[in-house]
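>>> Any chance you could fold what I've pasted below:
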Amino acid sequence: MNNDVIVLRELAKQVALISSMDIMDERRALWAAHNAFKKVRTPIYIRDGHWSKEIIEPLCVCGNELLQPLELYLRKMIYQYELGDDFVIENYVKIPAVLELPGDGPWGVNPNVDESDMAKGCKKIHAALEDIADLSSMSVPEHKINEKETAEQFELLSDMIGDIIPVLTERSPHWIRWGGDLSTHLGYLLGTEGLMWAIYDNPKELHALLAFMRDGVIKAQDEAEAAGDFSLLSHENQSMPYIEGLEGPNGGDKKVERSSLWNFHAAQEFTLVSPEHHKEFMLDYQIPIMEKYAYSSYGCCEDLTKKIDMLRELKNLRRIAVSPFADERACAEQIGKDYIASWRPDPVATVCLGFDVKENRKILKKAKKAFEDNDCLYDICLKDVHTIGRDYNRLIEFTKVAREVVES
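Presented below is the predicted three-dimensional model:
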């Protein structure tokens, strides 16, 4: 047995032990009740960020490139448990099926991305679609899985650690989550400035492009559902996708239809677009995709302060993001008892530039008061953490302070 396998098996044992702990069922019950609008302790959720490059990647030792993603995942789960938040670590390792996509990207045109400033964490997107009126270069999405490569990948990892922790293959189509987010891909196709100009200069053509994309996403998802490729592994809501009355991801790779799943969409590229145009040129095209699911979650980093009334048109909406750029009190006043507020504290003010206990406590108490004053249920989702200064304990300390505030 080579060293890579020895390392992975030891890590898998740790993750299997953690995932079997009673606290994981307690966290599932917490999220299920919270998302069902029951007043329980406010959940805390720290999403994976660039901190993994500082804390996790330096620990990795596997030399085999095929095994490196698995090692990284297992080490992340171990560290995630140490954070002490309400993240649920499931009793399996999920690997994606090998999907067959058009050669030039999921829409048949190659995104034109300038990564010359990536050392600074920046990249610039240039329009991939040269003529918004000409859709002939675009590909119609088609859900296809390379079964041979998928089986080989599964057998490799299953033979290695499957006797310790189950290895499951997620067969979801490419066009879900960020792969099916119309706003994200519209930004790649037109560029952020280009899509805003198109609202005024080429509204008819923009509507045609969005209709093409909407229909393509629905087509690919319909094909995946007909093939039995949606499963409980396909859940996504930018939190822990548990809710009373719906089977959660602990059900593993059980086949289901979209009507048994959470889904998530956002419109970050529409941050500077008015509510009226956001609705006309994005939300109205997202709704037919999202309402095929049981529940929807909306928003990522965009400021939705002035767009919450617009979101009420989404019939199965359950969660709304309140980003660091939003007015948390104004959002709480509008959200009230109707939805769950997924509050995202500013990572820069909380953990990126050091850690001040008093300042963090102040930030957390201010948000808590805004939501509680409006009888608005919320959870804490710390995300987009681009650095923690290589401080292993900083996120652990944040969780301790957050828990102290929400439980006080």
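>>> Low-confidence bits of the chain, can you list those?
Confidence mapping of the chain against pLDDT under 70 gives the ranges 1, 117-121.
>>> mind running it again at 90?
1-2, 48-53, 64, 66, 102-105, 109-131, 137, 192, 408 (pLDDT under 90).
>>> what about the residue most central in space within it, which SS state?
The structure's the chain has its C-alpha centroid closest to Q238; by Cα atoms, centre = their mean the separation is 4.4 Å. Assigned with DSSP: H, G, I helix; E, B strand; the rest coil, Q238 falls in the coil class.
>>> And it, how far from P43?
Computed as Cβ to Cβ, to the nearest Å, the Q238 to P43 distance reads 12 Å. Glycine gets a C-beta too; all of them are placed from N, C-alpha and C.
>>> got it, and K315?
For K315, the distance to P43 equals 25 Å [Cβ to Cβ].
>>> between these two, who's got more neighbours?
P43 (25 against 9; other Cβ atoms under 10 Å).
>>> Surely the more buried one is in contact with L377?
No - with contact defined as Cβ atoms under 8 Å, P43 and L377 do not form a contacting pair (9.9 Å).
>>> Quick check: neighbours shared by the two?
Contact criterion Cβ atoms under 8 Å, 6 or more residues apart in numbering; residues shared by P43 and L377: H34.
>>> gap between M290 and S296?
As for M290, its distance to S296 is 5 Å (criterion: Cβ to Cβ).
>>> Which one's more surrounded, those two?
Neighbours were counted for M290 and for S296 using other Cβ under 10 Å; S296 has more, 24 against 21.
>>> Please name the residues that touch the more buried one.
With Cβ under 8 Å, 6+ apart as the criterion, the residues that contact S296 are N237, W262, N263, F264, H265, M290, L314, N316, L317, R318, R319.
>>> try 10 Å this time
237, 262-265, 286-287, 289-290, 311, 314-320 (Cβ atoms under 10 Å, 6 or more residues apart in numbering).
>>> Would you mind listing the buried residues in the longest helix along the chain?
Scanning the chain for the longest helix, with DSSP state H as the assignment, gives helix 203-226. Of all the residues in helix 203-226, those buried under the rule 16 or more other Cβ atoms under 10 Å are 206, 209-210, 212-214, 216-221, 223-225.
>>> what about the strands in the stretch 51-200 of the chain?
93-96, 112-114, 124-126, 167-170 (DSSP state E, counting those that start in this stretch).
>>> Would you tell me which of those strands gets closest to K306?
When these are ranked by distance to K306, counting by Cβ to Cβ, first place goes to strand 124-126 at 25.3 Å.
>>> helices and strands around the closest one, which ones?
With contacts defined as 3 or more Cβ pairs under 10 Å, 6 or more residues apart in numbering; DSSP states H and E, the packing partners of strand 124-126 are strand 112-114, helix 182-190, helix 192-201.
>>> JSON lines for the ones you listed, including mean neighbour count and distance to R361?
Output for the helices and strands packed on strand 124-126, formatted as JSON lines (neighbours: other Cβ atoms under 10 Å; distance: least, Cβ to Cβ, whole Å):
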{"stretch": "strand 112-114", "mean neighbour count": "13", "distance to R361": "40"}
{"stretch": "helix 182-190", "mean neighbour count": "23", "distance to R361": "35"}
{"stretch": "helix 192-201", "mean neighbour count": "16", "distance to R361": "36"}
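>>> Tell me which of the ones you listed approaches D384 most closely.
Short answer: helix 182-190, nearest of those by Cβ to Cβ, at 15.2 Å.
>>> Can you get me the start-to-end distance on stretch 186-203?
Taking Cα to Cα, to the nearest Å, stretch 186-203 runs 14 Å from one end to the other.
>>> Actually, stretch 227-234.
Separation of the first and last residues of stretch 227-234 by Cα to Cα is 14 Å.
>>> chain center to that stretch: distance?
17 Å (Cα atoms, centre = their mean, to the nearest Å).
>>> gap between T169 and A402?
Plainly put, T169 is 35 Å away from A402 if you go by Cβ to Cβ.
>>> what about these two, which has more around it?
The residue with more neighbours, out of T169 and A402 and counting by other Cβ under 10 Å, is A402; that gives 25 against 20.
>>> In contact with I320, which residues?
296-299, 304, 307-308, 311, 314, 326, 331, 334-335, 338-343, 378.
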